[in-house]
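1. next input, structure requested:
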Amino acid sequence: MTTFAYYANIPNAPDNPSFDQPLMQTNSGSINSIIGIDHLTFGQAQGGGPNVSDGQHKQVTFANKFVPGFMPTDPLSICYTNSGTASTVSQMFYSNNNGIFQVSPIKAWGYAGTAGIISSQSVNVATVTRVSAGIYTVTLTTNAVTGDNFAVIASTTSQAGSNRLVVNYNIIGIGQFTLTFVSGNNAGTFLDPTSFSFLVMQI
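-> All right, here's what the predicted structure looks like:
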């Protein structure tokens, strides 16, 4: 935890300026430092390009979970963090005149082919393993999800030959599921897709 010294009501009109001067220096330094938390502080934008300005965000850090005590009325809106449903770990929420929306339900994304996951097109995916024709096991990275109550949205991005493929998923453990690809033209026939993608969600 970082705290900054600040002397309110300084400078104070009745005070001797020489008395207030070191306190004013402390205040000025604290203002510079506190702006520098998550922001570009004074002079840091120099050389950063035409659209970079002092005061812009570098990141947003939430100190704790906070639930607003009111529903905002348009055009007011609020971003905050609070416990998720599947886990008490902080999740991002957005509140506006229409309601409350979780911003962080997407836990993993993957794009793969018969050779396995394409690392440049995946997030929080440890492995994709071909079990047999048309059957693949996906293992997520540790803590990507909590438990086995998550949802998967999957699709084939291309077809195997002239066959239309139908994809289904089955959760088999914590952070692990299978994808099965079945021919839509010949029910019961498992076929490898050329490539496929999936999205894992949990609230």
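2. domain map for the protein?
-> Listed by automatic domain parsing, the domain ranges of the chain are 1-59, 62-104, 106-201.
3. tell me which of those is the most buried.
-> domain 106-201 (a mean of 16; mean count of other Cβ atoms under 10 Å). Placement of C-beta: from N, CA and C, glycine included.
4. in this protein, which spans are helices?
-> 17-35 (DSSP state H).
5. which strands or helices does the worst-scoring helix or strand of it on mean pLDDT pack on?
-> The weakest-scoring helix or strand in the chain, judged by mean pLDDT, DSSP states H and E, is strand 116-117 (a mean of 81). Under the contact criterion of 3 or more Cβ pairs under 8 Å, 6 or more residues apart in numbering; DSSP states H and E, strand 116-117 touches strand 125-132.
6. what residues does the strand it packs on touch?
-> Applying Cβ atoms under 8 Å, 6 or more residues apart in numbering, the contact partners of strand 125-132 are 108-110, 112, 114, 116-117, 136-142, 178, 190, 192.
7. now do stretch 33-43
-> 2, 4, 32, 44, 48, 52-61.
8. how does it look with 7 Å?
-> Here stretch 33-43 makes contact (Cβ atoms under 7 Å, 6 or more residues apart in numbering) with 4, 32, 54-61.
9. need these in CSV (columns: distance to Ser197 and pLDDT).
-> Shown next, in CSV, are these (distance: Cβ to Cβ, whole Å; pLDDT from 0 to 100):
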residue, distance to Ser197, pLDDT
Phe4, 47, 95
Asn32, 47, 94
Asp54, 41, 91
Gly55, 39, 91
Gln56, 34, 93
His57, 31, 92
Lys58, 32, 91
Gln59, 29, 94
Val60, 29, 93
Thr61, 32, 93
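10. which one of these is nearest to Leu199?
-> Comparing those against Leu199 with Cβ to Cβ places Val60 closest, at 24.2 Å.
11. measure the nearest residue to the closest one once chain neighbours are set aside to Thr141 for me?
-> Nearest-residue entry for Val60: Asp38, 6.2 Å, with adjacent residues in sequence omitted and distances by Cβ to Cβ, 6 or more residues apart in numbering. The gap separating Asp38 from Thr141 is 27 Å, by Cβ to Cβ, to the nearest Å.
12. how far away is Asp15 from Tyr6?
-> As defined by Cβ to Cβ, Asp15 lies at a distance of 16 Å from Tyr6.
13. tell me where the model's unsure across this protein.
-> Within the chain, the stretches with pLDDT under 70 are 114, 157-163.
14. for Ala45, what are its contacts?
-> Applying Cβ under 7 Å, 6+ apart, one finds that Ala45 lies in contact with 52-54.
15. again with Thr81
-> 62, 65-66, 90-93.
16. dump those into JSON lines; add distance to Thr129 as well.
-> Formatted as JSON lines, the contacts of Thr81 follow (distance: Cβ to Cβ, whole Å):
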{"residue": "Phe62", "distance to Thr129": "37"}
{"residue": "Lys65", "distance to Thr129": "37"}
{"residue": "Phe66", "distance to Thr129": "41"}
{"residue": "Ser90", "distance to Thr129": "32"}
{"residue": "Gln91", "distance to Thr129": "30"}
{"residue": "Met92", "distance to Thr129": "32"}
{"residue": "Phe93", "distance to Thr129": "35"}
